[in-house]
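Q: Whatever this is, show me its structure:
(chains A and B)
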Amino acid sequence: EIVLTQSPDFQSVTPKEKVTITCRASQSIGSSLHWYQQKPDQSPKLLIKYASQSISGVPSRFSGSGSGTDFTLTINSLEAEDAAAYYCHQSSSLPLTFGGGTKVEIK
Amino acid sequence: EVQLVQSGAEVKKPGESLKISCKCSGYSLTSYWIGWVRQMPGKGLEWMGIIYPGDSDTRYSPSFQGQVTISVDKSIGTAFLQWSSLKASDTAMYFCVRTTVTTPVDYWGQGTLVTVSS
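A: The predicted model follows:
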C-alpha cells in the first residue's frame, strides 16, 4: 500500500500569505497525485489533478507541482474562503490512498 | 447532470446490521468505478474500497477487508455499503465517489452519517 504523508498537519495563516502543503509518497507514483479541498460540513472538491493540472472553476491562486514521491500544493495570496482541510490522493495503484490531511486556519 | 445521491443519516446500536446506498445517475454506470470513503469525526479521509458495476469486481483496502461489504445493483444504478454487526467505532460520515481508479475522484455523494451508540 502506498502511504501518503502530508505536512504540516495544521497551519494558521494570515490573509494574502502564501501557503505550501507537501505530500510525500512512500514509493514513486509518477504524476498520479491529486489534491482536494474540504470545507466544514461539505463533501471534498477536486482542486488539482495529476500533480499540476488545473481544474475548471478553481481559482488560479491554487497550483500544484512535483512528481515521483514529492508533491506540493501552493495557495498564493490566501483568502478567507480558503479555510479548509486539504488532502492528497494517489491513483497510481490499488489500494487507493489519501494523505492524512492539512487543516488551514485563517488568523 | 451527474449525481450521486446517498441515503439518509442512520442511528444504530452496536451489533445491529446496516446497508446504506448511493444512487448514481446522469452518466453511463459501467464507464466508472464507485468507491466508498470513510471520515471519522474530526479526522481525515480513508478509502474503504471500490466496485466496478459492470461485473461487480470489488477491491477492498486492507483495513476494511472483512469489515464491510460493498455491492452494486446495476439495474437500479445503486451501490451499497453494508455492515453485519456495527461497532461504536463505525460512527463516521461515509461518502460514495465516482472514479476510474487511475483518475481523480470527480464526483462525490453528499455523505451519509452513521452513528452507532448504545
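Q: centroid residue for chain B?
A: Closest residue to the average C-alpha location of chain B: residue B:36 at 3.5 Å, with C-alpha atoms, centre = their mean.
Q: starting at the chain centroid, how far to the helix or strand hosting that one?
A: Residue B:36 belongs to strand B:33-39 when elements are defined using DSSP states H and E. On the basis of C-alpha atoms, centre = their mean, to the nearest Å, strand B:33-39 sits 5 Å off its chain's mean C-alpha point.
Q: again with stretch A:58-76
A: 7 Å.
Q: on that earlier part again, thought the residue nearest to the centre of chain B was touching residue B:93?
A: No: using C-beta atoms under 8 Å, residue B:36 makes no contact with residue B:93, being 11.2 Å away. Bear in mind the C-beta positions are built from the backbone N, C-alpha and C, glycine included.
Q: how many other residues sit next to the closest residue to the residue nearest to the centre of chain B other than its chain neighbours?
A: Leaving out its chain neighbours, the residue that sits closest to residue B:36 by C-beta to C-beta, 6 or more residues apart in numbering or on different chains is residue B:48, at 4.3 Å. Number of residues near residue B:48 (other C-beta atoms under 10 Å in any protein chain shown) recorded here: 23.
Q: Phi first, then psi, for residue B:48.
A: phi -100, psi -40 (degrees, to the nearest 10).
Q: residue contacts, it?
A: B:35, B:36, B:37, B:38, B:60, B:61, B:64, B:68, B:70, B:81, B:94 (C-beta atoms under 8 Å, 6 or more residues apart in numbering or on different chains).
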